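**Student:** Here is my input, please return the structure:
(3 chains)
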Amino acid sequence: MNSILSCTNLSKAFGSTMALKNVNLEIARGRIVGLLGPNGSGKSTFIKICNELLTPTSGEIIIGGFKPGVETKKIVSYLPEKNYLNDWMKVSEIINFFKDFYADFNSEKAYDMLSRLNIRPESRLKTLSKGTKEKVQLILVMSREAQLYLLDEPIGGVDPAARNYILDTILKNYNEEATVILSTHLIADIEKILDDIIFLKDGQVVLQKTVDDIRSETGKSVDALFREVFKC
Amino acid sequence: MPWDLKSDRPIYTQLIEQLELKICSGFYALGSKLPSVRDLAQEASVNPNTMQRALAKLEEDGLLYTNRTSGRFVTEDIKMIQKTKTKLAQEHIQEFLEKMKRLGFDRTDILNILAEMLEEAGK
Amino acid sequence: MLGKLMKYEIKATARWFLPLYTVILVIAAISRLLFGDPLMMESSGFTFRKAISILVILAYVILVVGVMIVTLVVCIIRFYKSLLGDEGYLMFTLPVQTWKHITGKLLIAVLWNFLSGLFACLSIFIIIPSPELLKIRQAFAAEFSQFFNFGSYCILSAVVIVSLVFSILQIYAAIALGHLFNKHRLLASFGMYIAINTVCQYVTWMVTPLLVGSVMKFDGNLELIVKPVSQTFILFTVVAAILSAGCFVLTNILLKKNLNLE
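**Tutor:** Residues are numbered from 1 along each chain as shown, chains lettered A, B, ... in the order given. Model (predicted):
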């Protein structure tokens, strides 16, 4: 099966607001995809549905041949916007936690990345700064040999040096067979590492193309095109 | 040699140009082994797929070749490199000549200015 | 997977309970050493000693009740924070079915409640020397031994465990229902708990005697009263178990289909 993710007429309503309207997507394996759109366009909603953190109002989504559930969670690695690490654990304990529950977790990789950042495994998560905790979370997520990585706003609210670190980490641990879906509204920074982009506006897909196609067809960068398409 | 990628032109095209430059200038020496796709992509901060396609195109053009077990290498064919070098030079000069024409210089003026500047640069 | 969840649940909660139990035992030991046997009331009339003893017992009772309350509160907070707070993003993306999350937390909550009760009793033994306690126990035993046999003890234990499970599951269901609201979720959960508790109480106390049938008459013969009482207990346990299952299923469905983390 070539697509890792396929989405048919997916809609999600919160009360009377439609966060997603009839979204149809087909995402191939081995791609780095940018899910781009302003705040409130439905990016986080879409990603949460992929993780079974929200249930669709209608339509369906298939990941690796399964609907979101236990089977998909085994092959999907998710980095939410929020920090979900509990305070009382030590770094080594959260690594063991991931190792316990995820068969595809590579703890050597994790320890390697941690040592490069000088984060001691014995430190309690509570004592780490916000930025460091975010990096630990990223390391945990990228240490899984998953088939689909879903990163929700991984570089928002992060300083430029940390942004580079994050993008480097993604490129380094990117498995050719795996797909990475990055949602963000900070496009200029990540454009170069993307294969494909999806523009999401008011819960609908308005564009799905490769970055190079956009540049050669419009002579503009994706960032410039985005500013046009989403002009206020 | 840092990678210089502009944001309004396709990355793929720019990668090809930059790789050609690095090969022709000898930065990637004749017959030498290239870093892996992943390493190159990381260096340039670009998508590995795009880097792969650029490298594949250069292989097609004969500037690179792949040895199944040991990786990707720059060609040992000096003539090939010369050919590409010349092609690149011609492209740059063509651009230069067009600009000079738009400025209103004729053939003699261009040659004079060139000679002067080359002499200056030689010192 | 369930075992692993329970392992982590214990780790997360032990840091609250182990110190708590230690503190209780230490306080019990200290008060015993300082104040001696609070039940020693040989002298008649009011003495300073007696006053202290009474205070000690009072403080002690407050402490014991406090422990039970703290246990309950910790279990509630655990459920809420771990599954519906930010940590929910971690928990619900684990490749584990929702019912295992609920069951894991439930079993550990039952464990701690049970242990808290045990420690409370244990500390009573410390504070009151055994001979005295034995006398009390013997007195109780004498009164009820004619009515309580092994079967009754079993039923009693079952009732206790089922009641524990029942109350915890009601709380979980209330929290899950409160989560359906977008604002003031905590308040909503309280409201839901009152609603659920009322309904469950009503059903249990109304239905059970109906099923048992006849009215209990006190005609001086205690034996006649005890039999329907134990039948009532069994029926109460069954009804409670059914309602517990209902709460469990409700919680499971809500967490699976209606999750909406901030």
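**Student:** Show me what the longest helix seen in chain B is packed against.
**Tutor:** Scanning chain B for the helix with the most residues, using DSSP state H, yields helix B:78-103. Identification of packing neighbours for helix B:78-103 by 3 or more Cβ pairs under 8 Å, 6 or more residues apart in numbering or on different chains; DSSP states H and E yields helix B:11-24. Just so you know, the C-beta spots here come from the backbone N, C-alpha and C atoms, and that holds for glycine as well.
**Student:** Show me which residues of the longest helix of chain B are buried.
**Tutor:** B:80-81, B:84-85, B:88, B:100 (16 or more other Cβ atoms under 10 Å in any protein chain shown).
**Student:** Flag the shaky bits of the chain, pLDDT-wise.
**Tutor:** I'll assume chain A. A:1 (pLDDT under 70).
**Student:** was after chain C, sorry
**Tutor:** In the prediction, chain C carries residues with pLDDT under 70 at positions C:35-46, C:49, C:127-134, C:136-138, C:140-153, C:208-230.
**Student:** ok, now with 80
**Tutor:** Across chain C, the stretches falling below the confidence threshold (pLDDT under 80) are C:27-28, C:30-57, C:59-60, C:121-158, C:205-235, C:262.
**Student:** So which bits of it are right by chain A?
**Tutor:** C:1, C:4, C:8, C:11-12, C:15, C:82, C:86-90, C:92-97, C:256-262 (Cβ under 8 Å from any Cβ of the partner chain).
**Student:** which residue ranges form the strands in chain A?
**Tutor:** Secondary structure of chain A (DSSP state E): strands located at A:3-14, A:17-28, A:32-36, A:58-63, A:76-79, A:148-152, A:179-184, A:196-201, A:204-210.
**Student:** Tell me which residues of the second one come out buried.
**Tutor:** Okay, so that is strand A:17-28. By 16+ other Cβ under 10 Å, the buried positions in strand A:17-28 come out as A:18-21, A:23, A:25, A:27.
**Student:** any idea which residue sits dead centre in chain B?
**Tutor:** B:Leu21 (2.3 Å; Cα atoms, centre = their mean).
**Student:** nearest residue to that residue other than its sequence neighbours?
**Tutor:** Counting by Cβ to Cβ, 6 or more residues apart in numbering or on different chains, B:Leu88 is the residue found nearest to B:Leu21 once chain neighbours are left out, at 7.1 Å.
**Student:** before we move on, what about B:Arg72?
**Tutor:** Of all residues beyond its chain neighbours, the one nearest B:Arg72 is B:Leu34 (4.5 Å), with distances taken as Cβ to Cβ, 6+ apart.
**Student:** and the helix or strand following the longest helix of chain B with helix B:78-103, angle?
**Tutor:** Under the assignment DSSP states H and E, the closest C-terminal helix or strand after helix B:78-103 is helix B:107-122. With axes from the mean of the first three to the mean of the last three Cα atoms, to 10 degrees as the criterion, the two stretches helix B:107-122 and helix B:78-103 enclose an angle of 120 degrees.
**Student:** Quick one: residues in contact with helix B:107-122.
**Tutor:** Counting by Cβ atoms under 8 Å, 6 or more residues apart in numbering or on different chains, helix B:107-122 makes contact with B:97, B:100, B:105, all of which sit outside it.
**Student:** The same query, at a cut-off of 10 Å, please.
**Tutor:** Defining contact as Cβ atoms under 10 Å, 6 or more residues apart in numbering or on different chains, one finds that helix B:107-122 is touched by B:96-97, B:100-101, B:103, B:105.
**Student:** Check which residues of stretch B:48-63 are buried.
**Tutor:** Of all the residues in stretch B:48-63, those buried under the rule 16+ other Cβ under 10 Å are B:48-55, B:57-58, B:63.
**Student:** Mind checking which of those residues land in strands?
**Tutor:** Among those, no residue falls in strands (DSSP E).
**Student:** With pLDDT as added columns, please give those residues in a markdown table.
**Tutor:** As requested, the buried residues of stretch B:48-63 are arranged in a markdown table below (pLDDT from 0 to 100):
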| residue | pLDDT |
| --- | --- |
| B:Pro48 | 90 |
| B:Asn49 | 89 |
| B:Thr50 | 90 |
| B:Met51 | 93 |
| B:Gln52 | 92 |
| B:Arg53 | 91 |
| B:Ala54 | 93 |
| B:Leu55 | 94 |
| B:Lys57 | 93 |
| B:Leu58 | 92 |
| B:Leu63 | 89 |
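**Student:** among the residues you listed, which are in reach of chain A?
**Tutor:** Here is what survives when the buried residues of stretch B:48-63 are matched to chain A using Cβ under 10 Å from any Cβ of the partner chain: B:48-53.
**Student:** Centre-most residue in the chain?
**Tutor:** If you meant another chain, say so; for now it's chain A. Central residue check for chain A by Cα atoms, centre = their mean: the C-alpha nearest the mean position is that of A:Leu151, 1.6 Å away.
**Student:** wait, chain C
**Tutor:** Within chain C, the residue whose C-alpha comes closest to the C-alpha centroid is C:Leu164; the distance, by Cα atoms, centre = their mean, is 4.7 Å.
**Student:** And it, how far from chain A?
**Tutor:** Between C:Leu164 and chain A the distance, using Cβ to the nearest Cβ, to the nearest Å, works out to 26 Å.
**Student:** Same check on C:Ile24?
**Tutor:** Applying Cβ to the nearest Cβ, one obtains 22 Å for the distance of C:Ile24 from chain A.
**Student:** residue contacts, that residue?
**Tutor:** Shown in contact with C:Ile24 (Cβ under 10 Å, 6+ apart): C:60, C:63-64, C:66-67, C:116, C:119-120, C:122-123, C:126.
**Student:** switch to 8 Å and redo it
**Tutor:** Applying Cβ under 8 Å, 6+ apart to C:Ile24 gives the contacts C:63-64, C:67, C:119-120, C:123.
**Student:** Can you get me a residue count around residue 113?
**Tutor:** Since no chain was named, I'll use chain A. Counted by other Cβ atoms under 10 Å in any protein chain shown, the residues lying close to A:Met113 total 21.
**Student:** hmm, I had chain B in mind actually
**Tutor:** For B:Ile113, which is what you asked about, the neighbour count (other Cβ under 10 Å) is 12.
**Student:** nearest to B:Val74, of the buried residues of helix B:78-103?
**Tutor:** Among those, B:Ile81 lies closest to B:Val74 (Cβ to Cβ), at 8.0 Å.
**Student:** roughly how far apart are that closest one and chain A?
**Tutor:** Taken as Cβ to the nearest Cβ, the span from B:Ile81 to chain A is 27 Å.
**Student:** Skipping adjacent residues, who's closest to that residue in space?
**Tutor:** B:Cys24 (6.2 Å).
**Student:** One more: A:Leu54?
**Tutor:** Excluding its sequence neighbours, the residue lying closest to A:Leu54 (Cβ to Cβ, 6+ apart) is A:Lys48, at 4.4 Å.
**Student:** so the one you found makes contact with A:Pro56?
**Tutor:** No - here A:Lys48 does not reach A:Pro56: they are 10.4 Å apart, not a contact under Cβ atoms under 8 Å.
**Student:** Comparing those two, which shows the higher neighbour count?
**Tutor:** Counted by other Cβ under 10 Å, A:Lys48 and A:Pro56 do not tie: A:Lys48 has more neighbours, with 25 against 20.
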